[in-house]
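Engineer: here's a sequence, model it:
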Amino acid sequence: MNESEINYYVEPVEIEIYLKKAGKVRTIIKDLKIELIDVEPINENSRRIFSHFIDLGEPIDLMEVMNTFPESITTIYDSYYQHITLFETLSMHFKSGIGGSIDSWRLSLYFTELLMKYEPTIASSKHIGDFQTHNLNYLIRKLNSFDQKFSLEDATVAYLIKRRRLAYRDRRPDRVFEKLVELWEHNIKKEQF
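Structural biologist: Below you'll find the predicted structure:
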């Protein structure tokens, strides 16, 4: 995978085409390429946390945030005490991924998707910043760099589309992107029935 493709999540979109001469419907697959939009820290504290992990080239590990920035322990614990065992497991997968396990990066992605469902919290909205989205982007890029195939939940794909649209709201619409999004949304609705 080349360098520019690492910064995209690619969602396959089924498109049905009617072939008049043959009188058949044929299904083709097109790639919906969703650019990953980076997260901006929300305040000085958030900038320190993001910078620390970005400089290390690692995802933002909540357990390590508490070790490195002990002033954040109370806020983090108050926000995440119900899911702290999931964050501990995620931390172990991060460490295993850093140690070379591609499977651990994949599991980290799925844990991150799960934990994003419990956001926003006081810790993420006032103290750390949107570390979950940062980690989502990090993990997609990491798996892309290893040329790994993986799939995200529909809700996560919709979230990435929303972030991309928001980032590009002042630009001329990309008709190909918007058409593929429309087809993807249609397919999702069709699957629900």
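Engineer: for the residue positioned nearest the centre of the chain, grab phi and psi.
Structural biologist: The chain has residue 136 as the residue nearest its centroid, 3.0 Å off, counting by C-alpha atoms, centre = their mean. The phi and psi values for residue 136, taken as degrees, to the nearest 10, are phi -60, psi -50.
Engineer: for it, give its distance to residue 18.
Structural biologist: Going from residue 136 to residue 18 by C-beta to C-beta, to the nearest Å gives 37 Å. The way it works is simple: take the backbone N, C-alpha and C, and place the C-beta from them, glycine included.
Engineer: residues contacting the closest residue in space to residue 88 that isn't next to it in sequence?
Structural biologist: In space, and not counting its chain neighbours, residue 88 is closest to residue 63: 6.2 Å by C-beta to C-beta, 6 or more residues apart in numbering. Residue 63 makes contacts with 87, 88, 91, as judged by C-beta atoms under 8 Å, 6 or more residues apart in numbering.
Engineer: I'd like to know which of the residues you listed are buried.
Structural biologist: 87, 91 (16 or more other C-beta atoms under 10 Å).
Engineer: and the contacts of residue 63, which of them are in helices?
Structural biologist: Counting by DSSP state H, the contacts of residue 63 place 87, 88, 91 in helices.
Engineer: could you list the low-pLDDT ranges of this structure?
Structural biologist: 193 (pLDDT under 70).
Engineer: any chance you could map the strands in it?
Structural biologist: Using DSSP state E, the strands of the chain run over 8-19, 24-35.
Engineer: give the other helices and strands that the first one contacts.
Structural biologist: Same thing as strand 8-19. strand 24-35, helix 154-167, helix 175-192 (3 or more C-beta pairs under 8 Å, 6 or more residues apart in numbering; DSSP states H and E).
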